[in-house]
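K.L.:
Any chance you can model this:
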Amino acid sequence: MPVTRTPHRLLSDPKRVITKPFLLGTDVLANGKSRFKSVLDRILTIPEAQIPGMLEEILRHFSPRHRDFEASLDVCFEAVSQYIHDGATFSRQRCRLIGAYCSHEYSIEGAALCNPSIVLAPDQSGVSDGSARFIMSLRAIGEGHISSIEFRSGVIEASGDITLDSVSPFVLTGRRLLNPTFYKEVFEPKLVELGFDNAVSRGVLERLADQFTMEELTSSMAVSSDPDVPAPLKRETIEVIHWLATSNYDVAFPSDSAICERVVFPDSPTESRGMEDARFVRFGDDDGSEHYYATYTAYDGHDILPQLIETNDFLQFKIRTLNGTGAQNKGMALFPRRVGGKFAMLSRHDGESLYYMTSDNMSFWHDAEVLRMPRRHWEVIQIGNCGSPIETDEGWLVLTHGVGPMRTYAIGAMLLDLEDPSRVIGELPGPLLAPETDEREGYVPNVVYTCGGLLHNGQVVLPYGFSDVGIRIATIPLDELLVQIQNPVES
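P.N.:
Sure, this is the predicted structure:
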């Protein structure tokens, strides 16, 4: 196959940092105080007259690394203010000094940059005929192997040349919206799935309308339930309801921020240790509307869970849990439109094979059928998708990944029937893309992996991560790829 690797090479930049609250331990020390209270007491002994000079020095060192560093200090102070119980009021400068002592920088790309997906941008104004603006999602990995989702942008010219936009030195984590809306038809089945269909959960939900807010849910949880319910069951049920609610949230970014400055950083219990491998797709619905969705893997340090991101503009993102026996494991990828009136999804919920699912509701996924099990030497360990299927006149083009000897990852391709995607009508007998010599070394050696490509002017544009150290871009002529898929020559 004539695969062309472009000169682009995106590498991690440890200078791209965010501020995060540094919450000191609440363990009680020998003096009878928590560590936080002891530190706070020491900060409060600093004379007011010294604070302006101290802040000036802090701002001189850190402001150039952040878009609005003083606002970040305010946010960090707010995060710890709940632990200050004496009702004391402080000057604005002292609050910011407390914020500085109770925050730290986090390098979102400090460990690795990998596993991109690419979609056409919602705004195509100003590009020349035959060209297209795109948005690329990236998996950024920092200290503690915590993954977040960030973005790059650029233009694919009519000629096929690719230009990437310059990258801002600043990074923003966005603002979590405080009172999100929930729907009982989605919330209740998830509680049942989690094993918490009981008198406590039913009582909480009965007091709510079909559509309710976080404030309304909190008020309902505060109402006393049946006194016959054991206290441990009530406590555990309320904790699970709160866990589920906080795992569904919205985050918004300033309208004047650049796309490359926005990072969707883990902000819920299910993803506390990372948001991995987002597969973005531009979805066109039957009513003519368009939305962007991304499935990703939420990781809490113990369990993995597929979740869904929805956005229309890449400024505000809705983060939602998925339901059903089919919403398991990694590697769910949504088709870019309905098939036969239903939503369609690829998955790998048994951990090793490629599956096909359909659903009447984007939030619920149940029965799945096997498309392909591992069988070739380069995919003996497992096979899965590499992003959402790409629609062509000949069928659904599915980029796959296979794991072979020495845990080497390679990218393959197959074709599914347009009307019945459960039917495989062709596939490459060998890898489309495998690690070259200069792509083998990195955080995770011997890996090439992508979370999605796009089709432009007869070329498959495929960004891919190599060995979890960086990202490159390959282009493949669609016609030649389809010929190879439909008329494979077995080696």
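
K.L.:
so which strand or helix has residue 148?
P.N.:
Applying DSSP states H and E as the criterion places residue 148 in strand 147-156.

K.L.:
Would you tell me what the next helix or strand after that strand is?
P.N.:
Counting by DSSP H and E, the next helix or strand C-terminal to strand 147-156 is strand 162-164.

K.L.:
coming back round to it: how far is the strand holding residue 148 from where the chain is centred?
P.N.:
Taking CA atoms, centre = their mean, to the nearest Å, one finds the center of strand 147-156 at 12 Å from the center of the full chain.

K.L.:
burial count for residue 374?
P.N.:
18 (other CB atoms under 10 Å). Any C-beta I mention is one placed from the backbone N, CA and C, and that applies to glycine too.

K.L.:
element containing it, please.
P.N.:
Residue 374 belongs to no helix or strand, assigned by DSSP H and E.

K.L.:
I figured it hits residue 380, correct?
P.N.:
Yes. With contact defined as CB atoms under 8 Å, residue 374 and residue 380 form a contacting pair (5.5 Å).

K.L.:
who's in contact with the residue nearest to residue 480 when sequence neighbours are not counted?
P.N.:
Leaving aside its chain neighbours, residue 480 sits nearest to residue 2 (6.2 Å; criterion: CB to CB, 6 or more residues apart in numbering). Neighbour list for residue 2: 476, 477, 480 [criterion: CB atoms under 8 Å, 6 or more residues apart in numbering].

K.L.:
ditto for residue 70
P.N.:
59, 63, 96.

K.L.:
From those residues, keep the buried residues only.
P.N.:
Among the contacts of residue 70, those buried by neighbour count (16 or more other CB atoms under 10 Å) are 59, 96.

K.L.:
what helix or strand is the residue nearest to residue 480 on?
P.N.:
Using DSSP H and E, no helix or strand contains residue 2.

K.L.:
mean confidence score for the strand or helix carrying residue 205?
P.N.:
Taking DSSP H and E as the definition, one finds residue 205 inside helix 199-206. Here helix 199-206 scores 94 as its mean pLDDT.

K.L.:
Off-centre distance for it?
P.N.:
That offset, for helix 199-206, works out to 31 Å (CA atoms, centre = their mean).

K.L.:
likewise stretch 173-182?
P.N.:
16 Å.

K.L.:
Output stretch 61-81 as CSV - backbone C-alpha positions only.
P.N.:
Extracted as CSV, the C-alpha positions of stretch 61-81 are listed here (Å, rounded to 0.1, in the frame of the first residue of the first chain):
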residue,chain,number,x,y,z
HIS,A,61,8.0,33.5,38.2
PHE,A,62,4.6,32.0,37.2
SER,A,63,2.4,34.5,35.3
PRO,A,64,4.3,34.1,32.0
ARG,A,65,3.4,30.4,32.0
HIS,A,66,-0.4,30.9,32.4
ARG,A,67,-3.1,32.8,30.6
ASP,A,68,-4.6,34.4,33.8
PHE,A,69,-2.5,33.3,36.7
GLU,A,70,-4.1,35.6,39.3
ALA,A,71,-7.5,34.1,38.5
SER,A,72,-6.0,30.6,38.9
LEU,A,73,-4.9,31.6,42.4
ASP,A,74,-8.4,32.7,43.2
VAL,A,75,-9.8,29.4,42.1
CYS,A,76,-7.3,27.5,44.2
PHE,A,77,-8.2,29.5,47.2
GLU,A,78,-11.9,28.8,46.7
ALA,A,79,-11.0,25.1,46.5
VAL,A,80,-9.4,25.2,50.0
SER,A,81,-11.7,27.8,51.6
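
K.L.:
residues of that stretch that come out buried?
P.N.:
Using 16+ other CB under 10 Å as the test for burial, stretch 61-81 gives 62, 65, 66, 67, 69, 72, 73, 75, 76, 77, 79, 80.

K.L.:
just stretch 290-302 next, same as before
P.N.:
292, 293, 294, 295, 296, 297, 298, 299, 300.

K.L.:
of all those, which comes closest to residue 453?
P.N.:
Of all the buried residues of stretch 290-302, residue 294 has the smallest distance to residue 453: 14.5 Å, by CB to CB.

K.L.:
Then residue 42 would be within a helix, right?
P.N.:
Yes. Using DSSP: H, G, I helix; E, B strand; the rest coil, the secondary structure at residue 42 is a helix.

K.L.:
Keep only those of the buried residues of stretch 61-81 that are in helices.
P.N.:
Using DSSP state H, 62, 69, 72, 73, 75, 76, 77, 79, 80 are the members of the buried residues of stretch 61-81 that sit in helices.

K.L.:
What ranges in the protein fall below the confidence cut-off?
P.N.:
24-33, 85-88, 489-491 (pLDDT under 70).

K.L.:
how near is the closest residue to residue 470 other than its chain neighbours to residue 443?
P.N.:
Nearest residue to residue 470, sequence neighbours excluded (CB to CB, 6+ apart): residue 11, at 4.4 Å. As judged by CB to CB, to the nearest Å, residue 11 and residue 443 stand 12 Å apart.

K.L.:
Tell me which of those two has more neighbours.
P.N.:
Set side by side, residue 11 and residue 443 show more neighbours around residue 443, with 17 against 10, by other CB under 10 Å.

K.L.:
wait, doesn't that one sit right on residue 468?
P.N.:
Yes. With contact defined as CB under 8 Å, residue 443 counts as touching residue 468 (3.9 Å).

K.L.:
Give the residues shared as contacts by the two.
P.N.:
112, 114, 141.

K.L.:
Now do the contacts for the second one.
P.N.:
Read it as residue 114. Residue 114 neighbours (CB under 8 Å, 6+ apart): 138, 139, 141, 443, 449, 465, 466, 468, 469, 470, 471.

K.L.:
Output those in TSV, with secondary structure appended to each entry.
P.N.:
Output for the contacts of residue 114, formatted as TSV (three-state DSSP):
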residue	secondary structure
138	strand
139	strand
141	strand
443	coil
449	strand
465	strand
466	strand
468	coil
469	coil
470	strand
471	strand
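
K.L.:
quick check, nearest of those residues to residue 280?
P.N.:
Of the contacts of residue 114, the one sitting nearest to residue 280 (CB to CB) turns out to be residue 138, at 10.7 Å.
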